[in-house]
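**Student:** Give me the fold of what follows.
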Amino acid sequence: MQWKQKIIDLAVKKDLILIPLLLIFFLMKVPDFSLPYFWDEAWSYIPAIIEFAIRGPSLMPVSISPELYRGHPLLFYFLSSSWMKLFGDEIWITRLFPFLISVILIISIYRFTKKTFNTVTAVLTTTIFCMQ
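**Tutor:** Numbers count the residues shown, from 1 in each chain. Predicted coordinates for the structure are as follows:
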């Protein structure tokens, strides 16, 4: 029984407890990577991102028509179009970039909650956030 507690303590200390949560999150999201664009993706984000990828990524509002980005801040469009230029424009590749942003957010939530409260609260908070 003592060796099990040592493994658990090591997993908590090194944040290895987060790996199964991220793996489950990944497995839940993989089927969505191949779905066609829907709602805001189809009408707001993807047309502007594609236009930025064609013309060249930029943070300047005058680089594309305002009707395409509809007044949204341009950082996400810039980063997504840069991602698209680097890795291609297939649907699953364009969906991978927001997924990686989500993973970074999940890790940040876990670490912040663990530092502020405790490990149990961090795991529960991260699990609930992943289910959103």
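**Student:** For this structure, give me the ranges with low pLDDT.
**Tutor:** 1, 3-4, 6-14 (pLDDT under 70).
**Student:** Show me the helices in it, by range?
**Tutor:** For the chain, the helices defined by DSSP state H cover 2-13, 18-29, 40, 46-55, 66-69, 75-87, 91-116, 119-131.
**Student:** how about these in CSV, adding mean neighbour count?
**Tutor:** Just so you know, the C-beta spots here come from the backbone N, C-alpha and C atoms, and that holds for glycine as well. What follows is the helices of the chain, written out as CSV (neighbours: other Cβ atoms under 10 Å):
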stretch, mean neighbour count
helix 2-13, 10
helix 18-29, 14
helix 40, 11
helix 46-55, 19
helix 66-69, 14
helix 75-87, 17
helix 91-116, 15
helix 119-131, 15
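**Student:** Extract the CA atoms of stretch 28-36 and return them as PDB.
**Tutor:** The C-alpha coordinates for stretch 28-36 follow below in PDB (Å, rounded to 0.1, in the frame of the first residue of the first chain):
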ATOM      1  CA  MET A  28     -13.600  13.500 -26.800                       C
ATOM      2  CA  LYS A  29     -12.600  16.100 -29.400                       C
ATOM      3  CA  VAL A  30     -11.100  13.900 -32.100                       C
ATOM      4  CA  PRO A  31     -14.400  13.100 -33.800                       C
ATOM      5  CA  ASP A  32     -15.100  16.800 -34.100                       C
ATOM      6  CA  PHE A  33     -12.000  17.600 -36.100                       C
ATOM      7  CA  SER A  34     -13.400  16.300 -39.300                       C
ATOM      8  CA  LEU A  35     -16.900  18.000 -39.100                       C
ATOM      9  CA  PRO A  36     -17.700  20.800 -41.600                       C
END
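**Student:** Now do the buried residues in that stretch.
**Tutor:** Burial within stretch 28-36, assessed by neighbour count using 16 or more other Cβ atoms under 10 Å, is assigned to K29.
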